[in-house]
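Enquirer: just the structure for this:
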Amino acid sequence: MKVVVFGGSGLIGKKLCGILRAKGHEVIPASPSTGVDILSGAGVAEALRGAEVVVDVVNSPSFEADAVMSFFQQAARVCLPAEVAAGVRHHIALSVVGAERLPTSGYMRAKVAQEEAIRAASVPYTIVRATQFFEFVPAIVDAGTKGDTVTLTPAHLQPIAADDVAAALAVVVEESPRNGMVEIAGPEAIGCDELGRRWIAARKDKRKVVTDAAAGYFGAALDDRSLTPGPGARLGALRWDAWLARG
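Expert: Residues are numbered from 1 along each chain as shown. As a prediction, the model looks like this:
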């Protein structure tokens, strides 16, 4: 089966391409480095020729509210009609668990808009909503840092390893379109503050975590339900402490 991976040179895309090739699929990693630009459309039609499945794991280079909204909307305007023209049978997009529950976040609003565009198009689809990646925890810690103090909310996250995200996407590639959503998450819910403490301890960092329920998540209010999955989520195998132990 020919699978086009938009964002195939990124963190998740590279891992996914490797898994799919090992399974015997023909894989096209589509990104600017391979001559494919999902904003201008350059190389898109050529990459899609003969493709049965498209996986979109592209992310915006900017998280500024207007920029990220423009990015995802323009990408949808370019790619989804091109997929229709190419006869693609399954569009898979990586999104975020709880995106609609953080409407004050410009990034989350943009992901919701991306999902809406996918639902409105005529390509059969599956939206795979993932929780925060383990690899993103350092950015959460840095965002809460002032001097030697890191202020973080105790609200739970249920983060997942990028390896497990890629593995879950590879499973969806071989499934029929759901015309709906799948949630994927890590195996355990942990307070954001505790995630930060364990990260800092593992790195022998001198910073100290202070718990503050008002700290939020990149400016958005957060509680235990905001970014954690519902019943029936597909869970990754790798736990946070095991991932930290990798160094």
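Enquirer: phi, psi for Gly230 please.
Expert: With angles defined as degrees, to the nearest 10, Gly230 sits at phi -90, psi -180.
Enquirer: skip the chain neighbours and tell me the closest residue to it.
Expert: Glu183 (6.4 Å; Cβ to Cβ, 6 or more residues apart in numbering). C-betas here are computed from N, CA, C, even on glycine.
Enquirer: quick one: the strands in the chain?
Expert: 2-6, 26-30, 53-56, 90-96, 125-130, 145-146, 149-152, 156-157, 180-185, 190-191, 208-211, 234-235 (DSSP state E).
Enquirer: around Gly180, how many other residues sit close by?
Expert: 9 (other Cβ atoms under 10 Å).
Enquirer: sorry, wrong one. I was asking about Val53.
Expert: Around Val53 there are 25 residues (other Cβ under 10 Å).
Enquirer: renumber starting at 187 from here on
Expert: With 187 as the first residue, the last one maps to Val239.
Enquirer: for the protein, just list every one of the helices.
Expert: 197-208, 230-234, 251-272, 292-306, 323-329, 348-359, 378-388, 426-431 (DSSP state H).
Enquirer: pick the most buried one from these.
Expert: helix 348-359 (a mean of 21; mean count of other Cβ atoms under 10 Å).
Enquirer: what lies in contact with that one?
Expert: 187, 189, 197-198, 201-202, 204-206, 209, 211, 239, 241, 243, 276, 278, 280, 312, 314, 316, 319-321, 368, 370, 372, 420, 422-424 (Cβ atoms under 8 Å, 6 or more residues apart in numbering).
Enquirer: Leu206 against Val213, yeah?
Expert: Yes - counting by Cβ atoms under 8 Å, Leu206 does reach Val213; the two are 4.8 Å apart.
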